[in-house]
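>>> mind looking at a prediction? Sequence and model below.
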Amino acid sequence: MTFTQKPYAQTHTAMKALALTLLTTALIAHLDAYAQTTDTPATDEQIITPGHPVWLLEQPDAVSPALTARTFGTSQYGDYRVKALLQISCHPHAPKASLTLEIMPPLLGFDSDPFEGKDASANGPLRVTTGTRPAVDHWVNGVWNAGGAFQVNTLFALSTAVSREELAYWVSDASRGQTVEFSLTPAADDGRSLTASFSLPENNRGLEKIVQPCLSDTSTSPVKP
């Protein structure tokens, strides 16, 4: 899919509400279709709340075996606070896991231009903190894309490689319910940081299924783009 215009202008409150509605609708549609866990019968209803996040499993491309697991949280920059998505990806034939933070910069007033593309002038670091574990810095690269298989909205995706150690912790029992915090300083440092927060779902079997091929990767540090 090709996008010919970037949404950089100031966004009206009504547009913000519409975008949030679209994102929420996408999440509900995703989860209604695919958010089944191994502990829940297929006939049970799935009710998603901020206090009960789940891993949504996707195969974004029908001709590619690459799989992803998504969950939702919040992002904030200055006084603006909107929903965000966290995606973990693993390709079974090239087992190197990736982490993607998906945000809506126009609604946050965040300048994503310096982080966009292979020749971006800024690439982080994106600081990731899981629970009380030490923070880990990642070099990131950003692109505009459609959020998820339903492609109902344009999101800015900040992606990076993720180490086997981090991945193994996120699928462990110890990670259940832990908070993952993200922090990124803008290219033009104004004293504020873009932040995002996610609660790791109590049931992480879906994530474990997705990333199992990548747990054999012996790499322990992300590669700078």
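Good, I have the coordinates. Since we're looking at a predicted model, the values are computed, not measured.

>>> which strand residues bridge the closest residue in space to S183 that isn't next to it in sequence?
In this structure, S183 finds its nearest non-sequential neighbour in R127, 4.4 Å apart by Cβ to Cβ, 6 or more residues apart in numbering. Every residue, glycine included, has its C-beta placed from N, CA and C. Beta-bridge partners for R127, by DSSP bridges, are D137, S183.

>>> and R127, how close does it get to V136?
To V136, R127 is 7 Å away according to Cβ to Cβ, to the nearest Å.

>>> identify the residues contacting G51.
Counting by Cβ atoms under 8 Å, 6 or more residues apart in numbering, G51 makes contact with S199.

>>> in this structure, which residue is closest to the centre?
Nearest to the mean C-alpha position of the chain, by Cα atoms, centre = their mean, lies L86 at 1.9 Å.

>>> OK, contacts around that one?
Residues near L86 by Cβ under 8 Å, 6+ apart: R70, T71, F72, G73, L99, T100, L101, E102, V180, A196, F198.

>>> cool, L99 as well?
Residues counted as contacts of L99 (Cβ under 8 Å, 6+ apart) are L86, Q87, I88, S89, V128, H138, S159, T160, A161, V162.

>>> nearest to V54, of the residues you listed?
Closest to V54 out of these is L86 (12.1 Å), distances taken as Cβ to Cβ.

>>> list the strands paired with the helix or strand harbouring that closest one, with their directions.
Using DSSP states H and E, L86 falls within strand 80-90. In the sheet, strand 80-90 lines up against strand 67-77 (antiparallel), strand 98-103 (antiparallel) (DSSP bridges).

>>> okay, those in JSON lines with mean pLDDT and distance to N204 next?
Shown next, in JSON lines, are these (pLDDT from 0 to 100; distance: least, Cβ to Cβ, whole Å):
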{"stretch": "strand 67-77", "mean pLDDT": "94", "distance to N204": "9"}
{"stretch": "strand 98-103", "mean pLDDT": "95", "distance to N204": "15"}
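
>>> which among those is found nearest to I48?
Evaluated over the strands paired with strand 80-90, closeness to I48 peaks at strand 67-77, with 8.0 Å, by Cβ to Cβ.

>>> can you point out the buried residues in that closest one?
Residues of strand 67-77 classed as buried: L67, T68, A69, R70, T71, F72, G73, S75, Q76, Y77 (neighbour count, 16 or more other Cβ atoms under 10 Å).

>>> likewise for stretch 174-190?
In terms of neighbour count (16+ other Cβ under 10 Å), stretch 174-190 has its buried residues at S175, Q178, V180, F182, S183, L184, T185, P186.

>>> and the contacts of that stretch?
Contacts to stretch 174-190, defined as Cβ under 8 Å, 6+ apart, come from residues 73, 86, 101, 110-111, 113-115, 121-122, 124-131, 140, 158, 169, 192-204.

>>> returning to that earlier point: mind putting the strands paired with strand 80-90 into JSON lines with distance to A146?
Below are these laid out as JSON lines (distance: least, Cβ to Cβ, whole Å):
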{"stretch": "strand 67-77", "distance to A146": "13"}
{"stretch": "strand 98-103", "distance to A146": "10"}
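
>>> which residues of the protein score low on pLDDT?
Scanning the chain with the threshold set as pLDDT under 70 gives 1-47, 50, 95, 147-152, 217-225.

>>> helices of that one, start to end?
Along the chain, counting by DSSP state H, helices occupy 13-34, 105-108, 164-170, 205-211.
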